Each structure stands twice: as structure tokens, then as C-alpha cells.
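*Asks:* Have a look at this prediction, sequence included:
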Amino acid sequence: MAKETNIYPDKAFQRGLREIKVKDLPEVREALRDILGVKTDQSLRNYAGGKVANLDVNKAMQIAALFESYGVSSPWGL
């Protein structure tokens, strides 16, 4: 039996990552890892995909500001 995974679309930011220019992605991913305090790509993907429920307000504001600095006004969602 497969393990059920909860998804929290309101805490996901895959939509924002899709709107980032390819040349800026490595820099954005590194900044996101710093904001979230994670080291691995898998951990970042879990946050981006909304698989982590405990995204606090300060981190969410920093993520929104990061995306805004790259011209993405609405990063939230899948």
C-alpha cells in the first residue's frame, strides 16, 4: 500500500519556480534553501510542492519577496 502524502497547495511555490528564467534558477534555488534552512534538493522540492505544512509567516514573506525581486508577483500554488 502506498503511503498517503498530504499536499498543501496554499504553501506550495512551484508556480513561482516555473516563472523564473532558466538562467536565474540556480541562484533562486540557493536563496530558497537558505530561507528555508534546508540543504538538499529533495527538501526544497518538498517545500515547493506543498508537502511541508509548517511554512511559517516570516519564511513565506521572504519567499514572496525573493520571487517579487525576480518579477514573479504570484508564486503561490502548484
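*Replies:* It's in.

*Asks:* just the helices in this protein please.
*Replies:* 14-19, 25-36, 41-48, 57-69 (DSSP state H).

*Asks:* can you tell me which of the ones you listed comes nearest to residue 77?
*Replies:* Closest approach to residue 77 among these (CB to CB): helix 14-19, 4.3 Å. For every residue, glycine as well, the C-beta is placed using N, CA and C.

*Asks:* picking that back up, can you put the helices of the chain in CSV and add mean neighbour count and distance to residue 75?
*Replies:* Listed next are the helices of the chain as CSV, based on neighbours: other CB atoms under 10 Å; distance: least, CB to CB, whole Å:
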stretch, mean neighbour count, distance to residue 75
helix 14-19, 17, 2
helix 25-36, 15, 10
helix 41-48, 16, 10
helix 57-69, 15, 4
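
*Asks:* I'd like those helices written out as a markdown table, with distance to residue 6 added.
*Replies:* Shown next, in a markdown table, are these (distance: least, CB to CB, whole Å):
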| stretch | distance to residue 6 |
| --- | --- |
| helix 14-19 | 16 |
| helix 25-36 | 18 |
| helix 41-48 | 11 |
| helix 57-69 | 18 |
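
*Asks:* Turn these into a markdown table, including mean pLDDT and distance to residue 8.
*Replies:* Converted to a markdown table, the helices of the chain look like this (pLDDT from 0 to 100; distance: least, CB to CB, whole Å):
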| stretch | mean pLDDT | distance to residue 8 |
| --- | --- | --- |
| helix 14-19 | 96 | 12 |
| helix 25-36 | 97 | 14 |
| helix 41-48 | 95 | 10 |
| helix 57-69 | 96 | 12 |
